[in-house]
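>>> sequence plus predicted model, see below.
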Amino acid sequence: MVDVTEAGELPDQSCLWRLKRFLISEFNTWSRLEAMKATGKQLPKVYVTRRIPPEGMKMLQESGICEIEQWDSDDPVPRAELLKKVSGIQGLYCLLTENINEEVLKAAGPSLKVVSTMSVGYDHLSLDALKKRGIRLGYTPDVLTEAVAELTVALLLATSRRLIEAVDEAKNGGWGTWKPLWMCGNGLTQSTVGILGLGRIGVAIAKRLKPFGVKKFLYTDIDRRPELAATISAEFVSLDVLAQQSDFITVCCALTPETQGICDKRLFSKMKNNAVFINTSRGAVVNQEDLYQALVNGQIAAAGLDVTVPEPLPVDHPLLKLKNCVILPHIASATVETRNAMAALAAKNLLAGLKGEALPKEVPL
Ligand SMILES: NC(=O)c1ccc[n+]([C@@H]2O[C@H](COP(=O)([O-])OP(=O)(O)OC[C@H]3O[C@@H](n4cnc5c(N)ncnc54)[C@H](O)[C@@H]3O)[C@@H](O)[C@H]2O)c1
């Protein structure tokens, strides 16, 4: 903890201050535990539904304020096990793979105070059921914005410049002589990019795309977002105009009852034939049947998806057979730093909820 230099100098003030802070926090935790033991009180129980990145687990363990039980696996907890384990807990740490609905909250009982999801999306939780019981909800915005935006740009380029198809051709002997029209795709220079849902991630994507020479950004949302739009000089338009004018559409909205299936044959039929469609939000915003038809019929040029319904998409799914559809297995936030930051923020939210403090990132219910 304390650095002493080779010359035997005394540690500096900041070192001493950090040591003092560490000792005080250890002492507080120890006293709290001792006090609980003395009064025969049990620590609040917390259930963690998956093996999570180390930063998050370390934070929960070192807090000393809760008794942790975990589904220690990389695969989701079976529903029956989840329903059994949540009984009597005060805090639930979950992932986007768990449907936290009336059934789970009922199984948990009245002790449950806080649910913390290691995701920015919260469409897998029943907000009404949480609100009804006064349970608070934590989520992980901001810490994943950059990683998701970066992956969206990578997916857009892979789709529009046909990278996966081209790599396959190089490997499988399809690479003949250099041909003027072979493997041609669509470039971003002088293009119009349409953003469906201009939130944190939408803006971060636009900022990364701008240096590619994009001529114009359009966006549509529930309302105009003048401050965010000004940072990327984006113009507010209706969904129809976005479809008609964009060379690239990137979907960045939250999944809600209003956005469920919003990308359907009506939308695809209005898009340009050379347009590229990208979705890194949630699979259910797209009607996949309609997307398949649009790709097969040449209604649009190509699609890149990081999210699908269901997940995983069955390997024999028709969309996986198309050359003009690039599908990734929901990896938009998958950098080591980001996943650790998400796990840590979700842990902070949970611990704050257990202590009855303000959550660092709380979904207003
Ligand atoms: N693929 C991944 O791994 C991954 C990772 C992170 C986030 N996501 C998804 O991305 C979404 C956006 O994240 P964010 O941090 O930018 O959230 P955000 O809340 O900042 O942005 C979401 C935007 O969608 C808009 N929106 C909501 N309903 C709409 C509607 N009916 N029509 C048009 N726009 C609408 C909101 O007004 C908001 O501007 C998340 O909800 C999540 O589902 C996916």
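Perfect, I can see it now.
>>> next, L351: phi, psi?
phi -60, psi -40 (degrees, to the nearest 10).
>>> excluding chain neighbours, what is closest to it?
Distances taken as C-beta to C-beta, 6 or more residues apart in numbering put S63 closest to L351, at 5.2 Å, once the chain neighbours are dropped. The way it works is simple: take the backbone N, C-alpha and C, and place the C-beta from them, glycine included.
>>> next one: K348
P360 (5.1 Å).
>>> related to what we said a few turns ago, need phi/psi at the residue nearest to L351.
The phi/psi pair for S63 (degrees, to the nearest 10) reads phi -60, psi -30.
>>> ok, now S269?
Here is the backbone geometry of S269 (degrees, to the nearest 10): phi -70, psi -20.
>>> again, but for T145
Backbone geometry at T145, expressed as degrees, to the nearest 10, gives phi -60, psi -50.
>>> surely it meets R200?
Yes. Using C-beta atoms under 8 Å, T145 is in contact with R200, at 4.6 Å.
>>> please list the residues of the stretch 251-365 of the chain that sit near the ligand.
For the stretch 251-365 of the chain, the residues in contact with the ligand (C-beta under 6 Å from any ligand atom) are 252-256, 258-259, 280-282, 306-307, 330, 332-333.
>>> filter those down to the buried ones.
Taking 16 or more other C-beta atoms under 10 Å as the criterion, what is buried in these is 252-255, 259, 280-282, 306-307, 330, 332-333.
>>> following element in sequence after the helix or strand of the chain with the lowest mean pLDDT, please.
Across the helices and strands of the chain, mean pLDDT, DSSP states H and E gives its lowest value to helix 13-38, namely a mean of 53. Downstream of helix 13-38, the first helix or strand assigned by DSSP states H and E is strand 45-48.
>>> what helices or strands is that next one leaning on?
The elements that strand 45-48 packs onto, with contact taken as 3 or more C-beta pairs under 8 Å, 6 or more residues apart in numbering; DSSP states H and E, are helix 54-63, strand 67-70, strand 91-94.
>>> distance between the first one and the chain's centre?
In terms of C-alpha atoms, centre = their mean, to the nearest Å, the gap separating the centre of helix 54-63 from the centre of its chain is 21 Å.
>>> that one: which residues count as buried?
So, applying 16+ other C-beta under 10 Å, buried residues of helix 54-63: E55, G56, M57, M59, L60, S63.
>>> nearest to V46, of these?
When the buried residues of helix 54-63 are compared for distance to V46 (C-beta to C-beta), L60 comes out closest, at 6.9 Å.
>>> point out where this protein drops to low pLDDT.
Applying pLDDT under 70 to the chain flags the ranges 1-41.
>>> show me the strands in it, by range?
In the chain, the strands defined using DSSP state E lie at 45-48, 67-70, 91-94, 114-117, 136-138, 192-196, 216-220, 234-236, 248-251, 276-279, 302-305, 325-327.
>>> out of the helices and strands packed on strand 45-48, which comes closest to G174?
Going by C-beta to C-beta, the one of the helices and strands packed on strand 45-48 nearest G174 is helix 54-63, 43.6 Å.
>>> enumerate the residues of the stretch 101-250 of the chain near the ligand.
Going by C-beta under 6 Å from any ligand atom, the residues of the stretch 101-250 of the chain near the ligand are 120-121, 141, 144-145, 148, 196-202, 220-222.
>>> and if we set it to 5 Å?
V120, G121, V148, G197, G199, R200, I201, D221, I222 (C-beta under 5 Å from any ligand atom).
>>> which residues in the stretch 201-350 of the chain form helices?
Per DSSP state H, counting those that start in this stretch, the stretch 201-350 of the chain carries helices over the ranges 226-231, 239-245, 265-270, 288-296, 336-355.
>>> give the other helices and strands that the first one contacts.
In terms of contact count using 3+ C-beta pairs under 8 Å, 6+ apart, helix 226-231 is assigned the packing partners helix 200-209, strand 234-236.
>>> of the buried residues of helix 54-63, which are in range of the ligand?
Counting by C-beta under 5 Å from any ligand atom, no member of the buried residues of helix 54-63 reaches the ligand.
>>> which one of those residues is nearest the ligand?
The ligand lies nearest to G56 out of the buried residues of helix 54-63, by C-beta to the nearest ligand atom, at 16.6 Å.
>>> residue contacts, that closest one?
Contact partners of G56, counting by C-beta atoms under 8 Å, 6 or more residues apart in numbering, are Y93, M118, N340, M342, A343, A344, A346, A347.
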